[in-house]
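Chemist: starting from these lines, generate the structure:
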Amino acid sequence: MWAFVPKARFKLTSGATSQGDYQFGRKHLHHRFCTACGVESYAEGTAPDGTATVGSNLRCIEGIDVDKLSLRPWNGRST
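Modeler: Predicted coordinates for the structure are as follows:
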């Protein structure tokens with residue numbers, strides 16, 4: 001489950017030294033992952049409007065219960 005915010009609003013509070021960077025395809029996104037367990041915790045890229053953006057894996061954020069969130073469906077195939 002992911003949430004996207006402008007990069008200016010994103011703050012990594014721990015784990016920076018144990019993050020890997022993976023890119024594929026057109027290499028427009030930096031997929032940041034834990035080098036110990038392999039979980040992708042966030043990704044950095046640019047939104048369609050040109051804004052530097054970060055997508056956060058909400059399951060990696062302490063204090064968030066993803067089962068209690070209201071979901072907004074998004075059809076990525078049709079965009």
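
Chemist: what helix or strand is residue 3 on?
Modeler: Assigned by DSSP states H and E, residue 3 belongs to strand 2-6.

Chemist: same question for residue 24.
Modeler: For residue 24, there is no host helix or strand (DSSP H and E).

Chemist: from residue 63, how far off is the closest residue to it other than its chain neighbours?
Modeler: Excluding the flanking residues, the one nearest residue 24 by Cβ to Cβ, 6 or more residues apart in numbering is residue 31, at 8.0 Å. Heads up, the C-betas are built off the backbone N, CA and C, glycines and all. Here the distance between residue 31 and residue 63 works out to 24 Å (Cβ to Cβ, to the nearest Å).

Chemist: and these two? Which one has more around it.
Modeler: Each of residue 31 and residue 63 had its neighbours counted (other Cβ atoms under 10 Å), and the higher figure belongs to residue 31 (16 against 4).

Chemist: circling back to that earlier point, direction included, what does the strand holding residue 3 pair up with?
Modeler: In the sheet containing strand 2-6, the strands it pairs with under DSSP bridges are strand 52-57 (antiparallel).

Chemist: any stretches of the protein with poor pLDDT?
Modeler: By pLDDT under 70, the weakly predicted segments of the chain are 79.

Chemist: what about the strands in it?
Modeler: Assigned by DSSP state E, the chain shows strands spanning 2-6, 19-22, 30-34, 40-46, 52-57.

Chemist: quick one, the fourth one and strand 30-34 angle?
Modeler: Right, strand 40-46. Angle of strand 40-46 versus strand 30-34, following axes from the mean of the first three to the mean of the last three Cα atoms, to 10 degrees, is 160 degrees.
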